[in-house]
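S.K.: Give me the fold of what follows.
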Amino acid sequence: MQPSGGQAAPLKRVGRIVEVATPESFIFVTSKLDYPPKYEYVVVSSVEPVGGEEREVLVLCQVRGVLSRSSAYSSKLDLDALERLHQAGIDDANLLCVARTLGFLAEEDGREVVLMPRRTFPPGTPVYLAPDELVRDFFSYPPDEGLYIGTLVSRRSVPVYLSVSGFRRHVAVIAQTGAGKSYTVGVILEELMRLGATAVVIDPHADYVFLSRDREMRRHQHSDRVVVFRNPSSSGRYDPRQLDNVVELTVRFSELSPEAIAEIAEIPEGWVNIRKAIRTAVEKLRERGDYGLEDLLEELKRRSNQGGREGQYAERAYNHLLKLRRFKVFGSTTTPVDGVILRPGQVSILDLSGLNDASQDYIVSWVLEEVFRLRSTGQFEWPVFVVVEEA
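M.R.: Below you'll find the model as predicted:
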């Protein structure tokens with residue numbers, strides 16, 4: 001009996017399993033004129049133990065290789081012999097597909113799960129083209145509870161939705177360079193915006209600054225909800241005047257601890273005397289009130305002029321801290337998280353391009369710790385989605 005897979009129309013048979021098969025993979029012979037291409041989805045009927053009973057299921061598989069084999073057209077023959085075979089109309093080629101099993105859908109404890117087959121497929125078992133409905137149910141969630149991210153590359157007729165509830169835990173988008181990770185995350189963010197979500201995007205390369213624009217650089221219906229927090233040292237290849245909502249991202253320098261200053265200046269932990277010189281100078285400045293980088297440099301320079309070993313350490317600290325002049329993000333004011341970076345329904349892009357790793361680490365830690373505090377104490381009552389690009 002031909003399985004229908006719960007579909008109104010019968011399934012299209014595309015081949016039969018031959019030779020050796022395992023629960024993980026098999027080979028099937030198919031038609032030379034109408035065979036499933038590589039990466040196409042097929043199904044095989046099997047009887048599997050599910051919930052303590054035997055059930056007939058459709059196992060979804062994917063074609064991972066297509067090959068043709070002939071006994072007559074041998075590599076041992078020369079070209080003239082092959083030409084004679086061809087002129088004689090001999091055609092004994094077999095077209096074979098190598099398939100890998102992906103699993104089957106089953107219900108356990110009231111929820112739908114994907115299980116892997118535990119039984120093999122006997123040779124001669126028919127192989128059918130997988131219907132769109134089954135492929136969609138396997139890879140996607142219902143549209144009313146999901147985020148639309150596109151269609152399957154190998155089956156363009158099948159839309160794919162991610163589950164919003166799946167984002168309650170960590171989610172990783174992993175692929176090789178240039179495969180479209182940032183684009184995929186951008187699509188997810190667009191869908192979250194459609195649902196009115198609040199999000200904070202850690203953007204070390206200014207990849208998401210145009211989220212308020214479509215591909216033709218036009219505004220869209222959610223543009224007003226996207227805010228780019230641009231650090232003054234940004235190396236992003238964009239003009240802030242191209243966008244509407246660009247806010248300067250800064251951190252008050254006097255809020256940095258001596259240890260944070262040393263880390264941002266990339267002073268090794270083992271250089272204890274140089275770090276001590278920074279700590280001593282900061283403690284002195286704190287007695288006077290607010291201060292900036294130039295005040296700290298002036299204090300270290302004053303101490304270096306006093307000579308001695310302490311003066312030498314102060315001089316070395318001064319030279320190391322000169323590089324911080326490049327990072328204008330550390331200034332006289334701090335951009336508030338509560339009510340500015342974190343607002344209901346807002347997608348905040350933190351453009352951290354142009355900063356060294358230590359500066360980025362400090363800013364990310366500060367923002368996320370504040371977001372967590374506001375969320376965990378109930379001061380911010382809505383869920384927050386955090387996107388960390390290439391952490």
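S.K.: Let's verify the residue nearest to residue 209 when sequence neighbours are not counted: helix, strand, or coil?
M.R.: Counting by C-beta to C-beta, 6 or more residues apart in numbering, residue 209 lies nearest to residue 228, which is 5.0 Å off, once chain neighbours are set aside. (C-beta placed from N, C-alpha, C; glycine too.) Taking DSSP: H, G, I helix; E, B strand; the rest coil as the rule, one finds residue 228 in the strand state.
S.K.: And for residue 282?
M.R.: helix.
S.K.: count of residues packed around it?
M.R.: Residue 282: 20 surrounding residues under other C-beta atoms under 10 Å.
S.K.: how near is residue 237 to residue 354?
M.R.: 11 Å (C-beta to C-beta, to the nearest Å).
S.K.: Neighbour count: these two, which is higher?
M.R.: Using other C-beta under 10 Å as the criterion, residue 237 and residue 354 rank with residue 354 on top: 21 against 8.
S.K.: The more buried one is in contact with residue 230, isn't it?
M.R.: No: the criterion here is C-beta atoms under 8 Å, and residue 354 misses it with residue 230 at 9.7 Å.
S.K.: Now the common contact residues for those two.
M.R.: Shared contacts of residue 354 and residue 230 (C-beta atoms under 8 Å, 6 or more residues apart in numbering): residue 236.
S.K.: what helices or strands is the helix ranked longest in the chain leaning on?
M.R.: Determined from DSSP state H, the single longest helix within the chain is helix 357-376. Identification of packing neighbours for helix 357-376 by 3 or more C-beta pairs under 8 Å, 6 or more residues apart in numbering; DSSP states H and E yields strand 198-203, strand 251-252, helix 258-264, strand 347-351, strand 384-388.
S.K.: Can you lay out the ones you listed as JSON lines showing mean pLDDT?
M.R.: Listed next are these as JSON lines, based on pLDDT from 0 to 100:
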{"stretch": "strand 198-203", "mean pLDDT": "97"}
{"stretch": "strand 251-252", "mean pLDDT": "98"}
{"stretch": "helix 258-264", "mean pLDDT": "97"}
{"stretch": "strand 347-351", "mean pLDDT": "97"}
{"stretch": "strand 384-388", "mean pLDDT": "95"}
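S.K.: which sections of this protein are below the confidence cut-off?
M.R.: 1-8, 391 (pLDDT under 70).
S.K.: Restricting to C-alpha, output stretch 331-341 in PDB.
M.R.: Output of stretch 331-341 as PDB, limited to C-alpha atoms (Å, rounded to 0.1, in the frame of the first residue of the first chain):
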ATOM      1  CA  GLY A 331      34.100  61.300  27.900                       C
ATOM      2  CA  SER A 332      32.300  63.600  30.400                       C
ATOM      3  CA  THR A 333      28.900  61.900  30.400                       C
ATOM      4  CA  THR A 334      27.300  58.500  30.300                       C
ATOM      5  CA  THR A 335      24.500  57.500  28.000                       C
ATOM      6  CA  PRO A 336      21.800  56.200  30.300                       C
ATOM      7  CA  VAL A 337      20.600  52.600  29.900                       C
ATOM      8  CA  ASP A 338      17.300  53.000  31.700                       C
ATOM      9  CA  GLY A 339      14.900  54.900  29.500                       C
ATOM     10  CA  VAL A 340      17.400  55.700  26.700                       C
ATOM     11  CA  ILE A 341      19.200  52.500  25.500                       C
END
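S.K.: what's the distance between residue 354 and residue 205?
M.R.: From residue 354 to residue 205 the distance is 10 Å (C-beta to C-beta).
S.K.: what do those two both touch?
M.R.: residue 236.
S.K.: thinking again about what came up before, and the longest helix of the chain, how far out from the chain middle?
M.R.: 20 Å (C-alpha atoms, centre = their mean, to the nearest Å).
S.K.: again with stretch 207-221
M.R.: Using C-alpha atoms, centre = their mean, the offset of stretch 207-221 from its chain centre is 19 Å.
S.K.: And that stretch, what's buried?
M.R.: For stretch 207-221, the neighbour count (16 or more other C-beta atoms under 10 Å) marks 207-213 as buried.
S.K.: In CSV, list the C-alpha atoms belonging to that stretch.
M.R.: In CSV, the C-alpha atoms belonging to stretch 207-221 read as follows (Å, rounded to 0.1, in the frame of the first residue of the first chain):
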residue,chain,number,x,y,z
ASP,A,207,26.7,45.7,10.5
TYR,A,208,23.2,46.5,11.8
VAL,A,209,23.2,50.3,11.6
PHE,A,210,20.9,50.3,8.6
LEU,A,211,18.2,48.2,10.2
SER,A,212,15.9,51.2,10.0
ARG,A,213,16.1,51.1,6.2
ASP,A,214,15.0,48.6,3.5
ARG,A,215,17.3,47.4,0.7
GLU,A,216,16.6,50.6,-1.3
MET,A,217,17.5,52.7,1.8
ARG,A,218,13.9,53.8,2.3
ARG,A,219,12.3,54.0,5.7
HIS,A,220,9.9,51.3,6.7
GLN,A,221,7.0,51.1,9.1
